[in-house]
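1. Sequence and predicted structure are below.
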Amino acid sequence: MGADHAAYFEEVEARFEGALDFDLGLEEEFQVLDRESLDLIPGFEALRDAAPERLRGRIAGELLRSEIEVSTPRTLHFGQAAKQLLLNRAELFALADRVGVALGATGTHPFADWHDQEIIDTPHYRLVEERLKYVAWRNNTWAAHVHIGVRGRDRAVAVCDALRTYLPHLLALSANSPFIERVWTQLHSARTQTFMRMFPRCGIPDVFGSWAEHRRFYEELIDTDCIQEFTQIWWSVRPHHRFGTVEVRICDAQSEAWQSLAISALTVGLVAHLARVYDEGMPLPILPTRYIEENLWRAIRYGMDGKLVDWAMGEELTAADAIRHLLELTGPSADALGLTPHLEGVERMLREGNGAQQQVRAHRAGASLQEAFADTVAGARASSLDPQTTTQEEPV
């Protein structure tokens, strides 16, 4: 970027100033698996090359050749995004069947050996590997990301600053990675521990307060050769320069579509709530990072089985009660943004258990790690190929 700072940031700032409030895009990452053993295999290129044109335009390679990402186009209504996510899943799992591979959708693979994984051969990820080496090699993790349009660059930064407070809540709800490297880690999100605690410029960002301070920090990182492009900052929430969105990156990959849509709907509702508070000139719930880190650890370790601290009240809440408080915050925006049917999925997760709870429940009942994982693979395939079973919305 170098000498082109000014031109680059003028383009980025124009994207935020012209952004459409609460339009959105959803991204999901999947493991590419051997059908018999369910071990990771380098199958991204085979899937990409065999994909029909519409799906090919939505899939992308990630760090590993045993990983594939699929994203929805930007839409103005959550119901539209939900239908596109269901369509993506149906086409991707059908494609996997044709190619002869399976797909997994958990935050970590429970028994694959990281030594055996191959980094994808693209300029971006060659740079990531060159810079990070062992840190990149060990990052065998899968996530779900949500992009939400927020008009105005200072407003987007303010929303990011405030959303930091709720990142542990979203992680606790989405936790879906209790197993890694043949170990029941006793964590609910081993993905977060593996990725966030190893990658540089990752996790909970500082409070910036303004776009000017955000821009100044990026320029310093570029000028001092800390980063070569903005995507080398892997914070759990960030203003996305290329899309002019607030990108939320804290959540584990979800095994079934309805779970992914429930968590995404809650995320969109929180962003809309915070933007409304900002517009009304009310104080946003901005906490120092040290307080958020305490809740983050609780979410990593205990997930929805634990408690989170309400720092404003100075008391612990069960994770379920903390999530229900967030549901109350999203209420005024839910119907207008098309969130309501999917927010009901959050209550379903609280009743039935999230991905980590269900995997651990199966393991405690006698299932091996392989057997518990096989159940998630089978469930992801069945619900994705029959999307009417995953949502109360009209079928795709």
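-> Structure received. Residues are numbered from 1 along each chain as shown.
2. tell me the strands in this protein, going along the chain?
-> When assigned using DSSP state E, the strands of the chain occupy the ranges 24-33, 59-61, 67-71, 102-104, 143-149, 179-180, 183-184, 202-203, 234-235, 237-240, 245-252, 307-310, 315-318.
3. residues of the last one that come out buried?
-> Within strand 315-318, the residues that count as buried by 16 or more other C-beta atoms under 10 Å are residue 317. (Each C-beta comes from the backbone N, C-alpha and C, glycine too.)
4. on that earlier part again, among the strands of the chain, which is nearest residue 365?
-> Set against residue 365 and scored by C-beta to C-beta, the strands of the chain come closest in strand 183-184, at 13.0 Å.
5. what comes into contact with that closest one?
-> 178, 360, 363, 369 (C-beta atoms under 8 Å, 6 or more residues apart in numbering).
6. just stretch 351-371 next, same as before
-> Counting by C-beta under 8 Å, 6+ apart, residues outside stretch 351-371 touching it are 38, 106-107, 110-111, 173-179, 182, 184, 188-189, 252, 254-255, 259, 303-305, 372-373, 375-376.
7. ok, now stretch 278-285?
-> With C-beta under 8 Å, 6+ apart as the test, stretch 278-285 has contacts from 155, 158, 159, 161, 162, 165, 166, 274, 277, 312.
8. what's the answer for stretch 53-69, then?
-> Counting by C-beta under 8 Å, 6+ apart, stretch 53-69 makes contact with 27-33, 40-45, 47-48, 51, 70-73, 88, 91-92, 95, 103, 112, 117-120, 122, 125, 128, 136, 139-140, 142, all of which sit outside it.
9. Return the subset of these lying in helices.
-> 44, 45, 47, 48, 88, 91, 92, 95, 125, 128, 136 (DSSP state H).
10. okay, the second one: pLDDT?
-> So the one you mean is residue 45. Looking at residue 45, its pLDDT reads 97.
11. Tell me which stretches of the stretch 201-350 of the chain form helices.
-> 211-223, 257-279, 289-302, 319-337, 340-352 (DSSP state H, counting those that start in this stretch).
12. What's the PyMOL line that selects buried ones from the contacts of stretch 351-371?
-> One line in PyMOL is enough to select the buried ones among the contacts of stretch 351-371; burial here means 16+ other C-beta under 10 Å:
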select buried, resi 38+106+107+110+111+173+174+175+176+177+178+179+184+188+189+252+254+255+259+303+304+305+372+373+376
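13. Where does the prediction get shaky in the stretch 1-150 of the chain?
-> Across the stretch 1-150 of the chain, the stretches falling below the confidence threshold (pLDDT under 70) are 1-3.
14. could you redo the last one with a cut-off of 50?
-> For the stretch 1-150 of the chain, applying pLDDT under 50 flags the ranges 1-2.
15. what about the closest residue to residue 346 other than its chain neighbours, how many neighbours?
-> Excluding the flanking residues, the one nearest residue 346 by C-beta to C-beta, 6 or more residues apart in numbering is residue 262, at 4.8 Å. Each residue near residue 262 was counted by other C-beta atoms under 10 Å, and the total is 27.
16. so what's residue 262 up against?
-> Here residue 262 is in contact with 342, 343, 344, 345, 346, 348, 349 (criterion: C-beta under 8 Å, 6+ apart).
17. repeat for residue 264
-> When contacts are taken as C-beta under 8 Å, 6+ apart, residue 264 is in contact with 24, 26, 78, 81, 144, 146, 342.
18. My read is that the third one contacts residue 266, right?
-> No. Look at residue 78 against residue 266 with C-beta atoms under 8 Å: they stay out of range, at 10.8 Å.
19. Let me know the distance separating residue 47 from residue 172.
-> Taking C-beta to C-beta, to the nearest Å as the criterion, residue 47 is separated from residue 172 by 32 Å.
20. Which one's more surrounded, those two?
-> Comparing residue 47 with residue 172 by other C-beta under 10 Å, the one with more neighbours is residue 172, at 30 against 23.
21. Give me the nearest residue to that one, chain neighbours excluded.
-> Using C-beta to C-beta, 6+ apart and skipping residues adjacent in sequence, the residue nearest residue 172 is residue 299, 4.0 Å away.
22. re the thing from before, now for residue 78 and residue 266: what residues contact both?
-> Jointly contacting residue 78 and residue 266 under the rule C-beta under 8 Å, 6+ apart are residue 339.
23. ok, and the most crowded of the contacts of residue 262?
-> Counting neighbours by other C-beta under 10 Å, residue 342 comes out on top of the contacts of residue 262 with 27 neighbours.
24. got the contact list for that one?
-> Residue 342 sits next to 78, 82, 258, 261, 262, 264, 265, 391 when contact means C-beta under 8 Å, 6+ apart.
25. Which pLDDT value does the model give it?
-> The model reports residue 342 with a pLDDT of 96.
26. Could you measure from the residue nearest to it when sequence neighbours are not counted over to residue 379?
-> By the measure of C-beta to C-beta, 6+ apart, the closest residue to residue 342 outside its immediate chain neighbours is residue 265, 3.7 Å from it. Separation of residue 265 from residue 379 (C-beta to C-beta) stands at 20 Å.
27. tell me the phi and psi of residue 151?
-> Backbone torsions of residue 151, given as degrees, to the nearest 10, read phi -70, psi 130.
28. thought it was touching residue 15?
-> No. Counting by C-beta under 8 Å, residue 151 sits too far from residue 15 to count as a contact (10.2 Å).
29. Could you list which residues are in contact with residue 209?
-> Going by C-beta under 8 Å, 6+ apart, residue 209 touches 157, 158, 161.
30. what about the second one, neighbour count?
-> Spelled out, that is residue 158. The tally of other residues near residue 158 (other C-beta under 10 Å) stands at 23.
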